[in-house]
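[1] what shape does this take:
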Amino acid sequence: MVVLSNGLRCLSICALVLACQRGSLFAAVRIKDRDRQQILIHITDPQLGMLNMYKKPEDWKAEETMLSKLAAKAASFKPNLVFVGGDMQNWWPNEEARQAKGLSDRNRLKGMGDKEFQQLKDKGLGRMQRDSVQKSLEVLVNAKIPVYYTAGNHDVGDYPDARTLEQYSSSDSKNPGWGPLFQKVEEDGILYLQFNSQIYWSNEASLDEYRSKQLDFLEGEMSRIQALQSIKRLVLLTHIPPFMDSVDEQEGWANWKEAYRKQILDVLAGPNIPMLWVCGHFHANVEKDSDYQGVPLSIRVSSAAGTTMQWDGKDELSPKEAQEVASKEILKAFAEDIGFTRIGERLKAESDRSGLRIFKMLGDSGSFEDQWFTLDQLQEEASSWLAS
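    Numbering: from 1, shown residues only. Reported below is the predicted structural model:
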């Protein structure tokens, strides 16, 4: 990967696209041959700092504890790969883009003066949160388990720009990012595609060239596997789900813009290979099995490794229930489906709520099984399920 130096902070999106062509934002990797069954573990939304962001913004101990324990358990299962599904940090990286639209800076505590807020920003909480996540996941790296990441809205911003995309993919050892913004992992009949879903939530024109480059990547992979005819399952790894229940559902805080859903799904459905979408962002569990243009399509939205959210008091929602929440503006969803007076009970980072999802993938048939486990359930229930 090309190292993007601090001197390139004013890169245009066009320049980022050129960098992508040269290999800085794309990587193709393979995982080591194992048995025909592959184990994929999905850990998403550690989002260190979310729980106390408006009370004690420098305190993310509860979320860090959950993540560290989940990573240790994940390592003990010796998976083929671990997918960390975005929102590694909570500190918003580019609120300037929102302020340009007349919106407030969400990192600022209510009643905080300019001087006090500047002092808080100078502490670099985003960098500190990234460091904490990387430290928590060292157990996987040390066990030589491949770990792949995807960009969440807290990692590149609601409206990504050149600076946040550069930071995300940076390999600067002094301020490292997370890796390629899109990549593939191919093994034993399964093609895993990790790509940046934030550009399908934001429809900013400044991202058009980047969207075009990512589209070229996806189209190229579909053409390649259609010719090979050896892939039995596509596994799409993104932060935000394209939709919860219906491809035509209303756009909101937790799904894609409708035009991008159909554009990307049309491409992915081309080879007529069953699709499994693995995503997060919602901080609660949702499972949807359907089809798109006759191609089997399963969506698995995993709850959080950090602070979970009980929409309407539930840890798991039906696709229809999730669609109703996801299609709203976020503040309206909070007001109506969390309740500001219920935040203390409905947002928690605790061992009976925080967890991860495990997939058993069969490359020869393309079939899969999956289950969500809280940290409390991982000790015995997950081991028994994996052995079954």
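
[2] residues touching Glu316, list them.
    Residues touching Glu316, when contacts are defined by C-beta atoms under 8 Å, 6 or more residues apart in numbering, comprise 284-287, 303, 372. Yep, even glycine has a C-beta here, placed from its N, CA and C like the rest.

[3] relative to Asp337, which of the residues you listed is nearest.
    Checking the contacts of Glu316 against Asp337 with C-beta to C-beta, the nearest one is Ala284 at 10.1 Å.

[4] off-centre distance for stretch 79-98?
    Taking the mean of its C-alpha atoms, stretch 79-98 sits 7 Å from the chain's own mean (C-alpha atoms, centre = their mean, to the nearest Å).

[5] and the end-to-end length of that stretch?
    Using C-alpha to C-alpha, to the nearest Å, the span of stretch 79-98 from its first residue to its last is 39 Å.

[6] what residues sit buried inside it?
    Residues 79-95, 97-98 are the ones in stretch 79-98 that count as buried (16 or more other C-beta atoms under 10 Å).

[7] again, but for stretch 351-362
    Going by neighbour count (16+ other C-beta under 10 Å), the buried part of stretch 351-362 is 351, 353-362.

[8] what do you get for stretch 247-266?
    Using 16+ other C-beta under 10 Å, the residues of stretch 247-266 that count as buried are 247, 249, 251-256, 258, 260-265.

[9] so of those residues, which ones are in helices?
    Among the buried residues of stretch 247-266, the members falling in helices are 258, 260-265 (criterion: DSSP state H).

[10] of the buried residues of stretch 247-266, just say which sits nearest to Ala335.
    Sorting these by how near they are to Ala335, with C-beta to C-beta, puts Trp253 at the top with 12.4 Å.

[11] check contacts around Arg211.
    Listed by C-beta under 8 Å, 6+ apart, the contact partners of Arg211 are 199-200, 260.

[12] between those residues, which is closest to Val141?
    Distance ranking of the contacts of Arg211 against Val141, using C-beta to C-beta, places Ile199 first at 27.9 Å.

[13] quick one: average pLDDT of the helix or strand containing that closest one?
    Per DSSP states H and E: Ile199 is located in helix 198-201. In this model, helix 198-201 has an average pLDDT of 98.

[14] what is the subsequent helix or strand relative to that helix?
    Note on helix 198-201: by DSSP H and E, the next helix or strand toward the C-terminus is helix 208-228.

[15] all helices of the stretch 51-200 of the chain, in order?
    Along the stretch 51-200 of the chain, counting by DSSP state H, counting those that start in this stretch, helices occupy 61-76, 96-99, 114-122, 125-136, 138-142, 153-156, 162-169, 198-201.

[16] right, and the ones you listed - which one's nearest Leu378?
    Nearest to Leu378 among these is helix 61-76; the distance by C-beta to C-beta comes to 4.6 Å.
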